[in-house]
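Undergrad: Could you work out the structure for the sequence below:
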Amino acid sequence: MKNPIPEIRIKDAWLLRENASRHLHELWGKDKTLADDDWMEKRVADYRKAWKPFEKQILTSMTDLLDLSFRQNIIDVHIAPWFNAFSDPMVIGVIKEPDQFVDILTHELLHRLLTDNTSIPHETMILVEWQKLFGKEHTFGTLVHIPVHAVHKAIYLDVLNAPERLERDIAGIKKIKATDYINAWGYVDKHGYLEIIEKLRASYKKLQAEQ
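TA: All right, here's what the predicted structure looks like:
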């Protein structure tokens, strides 16, 4: 294996659930039932089951495509109600079905790999480098998703051979009118995901050599 891959631990974030999720539920879900321990146990188990068959293939492909290694050898994925997904700390909500959870987790792991790897210091101003590669005209949300979407497209098409997952991803962001994500996909389509990946690989090698 060219680049080592981490252990992914998908877990019920019960402390987060008992505190932040409960407060968020009071704000947004008074007419709904907050997920209890039994429901969460099943949801997390279903997420683990969905992820497991893809885990090694997805992690190996993203590290090899970018020629990067994760800084952490264990990455905890915290599952809690009323949260969207974000990568640091890695928290994912409970709304999406298990099959789609695989794509969401892949997306967040790409964010983590691109920003916290063994090739560059954690405090590297990577956004400045990405502005050089992709232009200064983009919003923050678009800029950080251009590299994520480029690698994710390679995984969808060339690794998983699953164009339907790519189509579902793009359809989903269009449905909620997530402009930054839509613009990032537009940039990837225009400039080519393989070309963007090559630029990223060269950029990280340059940054590493400059240390």
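Undergrad: residues near Pro163, how many?
TA: Pro163 has 11 neighbouring residues, counting by other C-beta atoms under 10 Å. C-beta coordinates here come from the backbone N, C-alpha and C atoms, glycine included.
Undergrad: OK, contacts around the residue nearest to Asp99 when sequence neighbours are not counted?
TA: For Asp99, ignoring the flanking residues on the chain, the nearest one in space by C-beta to C-beta, 6 or more residues apart in numbering is Ala50 at 5.8 Å. Counting by C-beta atoms under 8 Å, 6 or more residues apart in numbering, Ala50 touches Pro98, Asp99, Phe101, Val102.
Undergrad: Mind splitting this protein into its structural domains?
TA: Here the domain parsing of the chain from automatic domain parsing is 7-96, 126-209.
Undergrad: Low-confidence regions, this structure specifically.
TA: 1 (pLDDT under 70).
Undergrad: re earlier: make a PyMOL selection of the buried ones in the contacts of Ala50.
TA: Per 16 or more other C-beta atoms under 10 Å, the buried members of the contacts of Ala50 correspond to this PyMOL selection:
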select buried, resi 101+102
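Undergrad: pull the longest helix from the protein.
TA: Taking DSSP state H as the criterion, the chain has its longest helix at helix 37-66.
Undergrad: follow-up on the earlier one: for Leu113, find the nearest of the domains of the chain.
TA: Across the domains of the chain, Leu113 has its closest neighbour in domain 7-96 (5.7 Å, C-beta to C-beta).
Undergrad: So which residues of this protein form strands?
TA: Listed in chain order, the strands of the chain (DSSP state E) span 7-12, 74-79, 86-87, 90-92.
Undergrad: for those strands, which one ends up most surrounded?
TA: Stretch with highest mean neighbour count among the strands of the chain: strand 90-92 (a mean of 21; mean count of other C-beta atoms under 10 Å).
Undergrad: Can you list the strands that that one pairs with?
TA: As defined by DSSP bridges, the strand partners of strand 90-92 come to strand 74-79 (parallel), strand 86-87 (antiparallel).
Undergrad: Identify whichever of the ones you listed lies nearest to Asp31.
TA: Taking C-beta to C-beta, strand 74-79 is the member of the strands paired with strand 90-92 nearest to Asp31, at 22.8 Å.
Undergrad: got a list of contacts for that closest one?
TA: Under the criterion C-beta under 8 Å, 6+ apart, residues 6-13, 16, 40, 43-44, 47, 89-94, 105, 108-109, 112 lie in contact with strand 74-79.
Undergrad: rewinding a little: quick one: the strands of the chain as a markdown table, columns for distance to Ser61 too.
TA: Below are these laid out as a markdown table (distance: least, C-beta to C-beta, whole Å):
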| stretch | distance to Ser61 |
| --- | --- |
| strand 7-12 | 14 |
| strand 74-79 | 16 |
| strand 86-87 | 18 |
| strand 90-92 | 19 |
